[in-house]
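>>> Prediction below, plus the sequence it came from.
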Amino acid sequence: MENIADYQEIVEVIKESGGDAYKRCFQCGLCDTVCPWNRVRDFSMRKIVRQATFGMTEIESEDIWRCTTCGRCPQRCPRDVQQIESGVALRKIATEYGVFPTAVKPIRSISASLIGEGNPLNEERKNRKKWTEGLNVPTFAEGMDILYFPGCYPSYDPRSKKVARATASILNKAGVEYGILGSKENCCGESIRKTGDEELFKRLARENIKTFVDNGVKRILVTSPHCLHTFKNEYPQFMVDFEVIHMTEFLFELIREGRLTLNGEFPKKVAYHDPCYLGRHNNIYDQPRGVLKAVPGLELFELPDAFEDSLCCGGGGGRIWMETPKGERFSDIRLEQAMDVGADVLVTACPYCITNFEDSRLAVADSRGIDEEDESLIQIKEISEIVQEAIE
């Protein structure tokens, strides 16, 4: 890399950026055996680790941007090489020197949108609560039990807005005392941090924390597992400690305590997909399944590669903002697995997963020459949408 003098300097930069664990690798190759990229193309995390150990990593290569931070390789690594942290260290170097391969260049516009409007979708901040139109969704006030933090995609993306609306309907039905902060919210910053932009992450985090503290927030309910992970596991580095709960956990709690009754039926075959940041990163597996099992008429199927071995949808690590060529999308494989087990609906609990699965669903419809509204085509649902149907 021409901007850094020599290999030794690269080694030092990697170390300073949090990637020093690379040196523990003894090249067993377990990371490569579990990496989802090796289902769709030749890819070697072991090779990247080896090169980084000696400062020979090609920062210009797209390979350092492929990792979706799914957590599969750290789960199996016998030497605690910390592939995610080490990979992010390489991205920090690339970001610092402005080296972005073609597929990664959208990150620049994403960063600009996050700085200007507090979201990655280039939407106006003032419109962040437009998803609430027609619903009784109060503004959060100090003393309220829960702040509902829908996140960026459920606030702006047309498909994911349905999830936020379903969530609000459920909270209203259960009599939960909650509110939202609307235009005062910022992106949680999890994904931009994984692309290597640590300074922008800190900026977003500090602004959110100030907003939470100023408004007396103590308990935060989130739709996105990425928000869950960041608020719960990363914001404490700023010396704060909010109680953070994912919607699947809260739904399970509401149903178990009898505060939410599911009277309506959902008579369909459902396959559940474990999102990486809900499952592997935060060990939430039983609660979403418990919710689904409580829905009358619903028949639950397990997919191959479930629980701790769940197949990544491909959206983590900032990949949700990068173009992935047809034939290399993990979400396509997941959709095929759901159809193979005979599911009518593929259900998950993450906005990134929803986005990728809906894209794959359109690809399936196109390949089969059928309309996307055809009832024979598998449906994509978020758990809150199914629960909303069951109570209405």
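Alright, I've got the coordinates.
>>> Quick check, pLDDT for Thr95.
With respect to pLDDT, Thr95 has a value of 86.
>>> Following element in sequence after whichever strand or helix holds it, please.
When elements are assigned from DSSP states H and E, Thr95 belongs to helix 83-96. Downstream of helix 83-96, the next assigned helix or strand under DSSP H and E is helix 106-117.
>>> orientation of the helix holding Thr95 relative to helix 106-117 in degrees?
Interaxial angle, helix 83-96 versus helix 106-117 (axes from the mean of the first three to the mean of the last three CA atoms, to 10 degrees): 80 degrees.
>>> May I have the secondary structure class of the closest residue to Lys232 other than its chain neighbours?
Computed as CB to CB, 6 or more residues apart in numbering, the closest residue to Lys232 that is not its neighbour in sequence is Val244, at 4.2 Å. Where you see a C-beta, it was placed from the backbone N, CA and C, and this is true even at glycine. Assigned state for Val244: strand (three-state reduction, DSSP: H, G, I helix; E, B strand; the rest coil).
>>> In the record's domain split, what are the boundaries for the protein?
Using automatic domain parsing, the domain parsing of the chain gives 7-103, 105-253, 260-391.
>>> Just want the most central residue of the chain.
The centroid of the chain falls nearest to His226 when counting by CA atoms, centre = their mean (4.4 Å).
>>> Send over the host helix or strand of that one as CSV, restricted to the C-alpha atoms.
According to DSSP H and E, His226 maps onto helix 225-229. Provided in CSV are the C-alpha atoms of helix 225-229 (Å, rounded to 0.1, in the frame of the first residue of the first chain):
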residue,chain,number,x,y,z
PRO,A,225,-30.5,-6.8,17.0
HIS,A,226,-27.8,-4.4,15.9
CYS,A,227,-29.2,-1.6,18.1
LEU,A,228,-29.5,-4.2,20.9
HIS,A,229,-25.9,-5.2,20.5
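>>> Averaged pLDDT, that helix. What do you get?
Helix 225-229 comes out at a mean pLDDT of 98.
>>> and if you look at stretch 111-122?
In the prediction, stretch 111-122 has an average pLDDT of 97.
>>> distance between the ends of it?
One end of stretch 111-122 sits 10 Å from the other (CA to CA, to the nearest Å).
>>> That one: how far from the chain's middle?
17 Å (CA atoms, centre = their mean, to the nearest Å).
>>> Tell me how many other residues crowd Asp374.
By other CB atoms under 10 Å, 9 other residues sit near Asp374.
>>> Please name the nearest non-neighbouring residue to it.
Ala365 (7.1 Å).
>>> Which strand or helix spans Phe26?
Judged by DSSP H and E, Phe26 forms part of no helix or strand.
>>> Enumerate every residue touching the closest residue to Asn122 other than its chain neighbours.
Excluding the flanking residues, the one nearest Asn122 by CB to CB, 6+ apart is Ser113, at 4.5 Å. By CB atoms under 8 Å, 6 or more residues apart in numbering, the contact set of Ser113 is 119-123.
>>> Out of the residues you listed, which two sit at the greatest distance?
Pairwise distances across the contacts of Ser113 peak at 9.1 Å for Pro120 and Glu123 (criterion: CB to CB).
>>> Looking at those two, which one has more neighbours?
Legend: neighbour count by other CB under 10 Å for Pro120 and Glu123, higher for Pro120 (23 against 17).
>>> follow-up on the earlier one: lowest-confidence stretch among the domains of the chain?
For the domains of the chain, mean pLDDT drops lowest on domain 7-103, to a mean of 83.
>>> Any idea how far that domain is from the middle of the chain?
With CA atoms, centre = their mean, you get 20 Å for domain 7-103.
>>> Repeat that for stretch 119-130.
Computed by CA atoms, centre = their mean, the chain-centroid distance of stretch 119-130 equals 19 Å.
>>> which residues are contacting that stretch?
Against stretch 119-130 from outside (CB under 8 Å, 6+ apart): 109-110, 113-114, 117-118, 137, 152-153, 155-157, 180, 182-183, 185-187, 191-192, 321.
>>> Just the buried residues of those.
Buried members of those, counted by 16 or more other CB atoms under 10 Å: 110, 113-114, 117-118, 137, 152-153, 155-157, 180, 182-183, 185-187, 191-192, 321.
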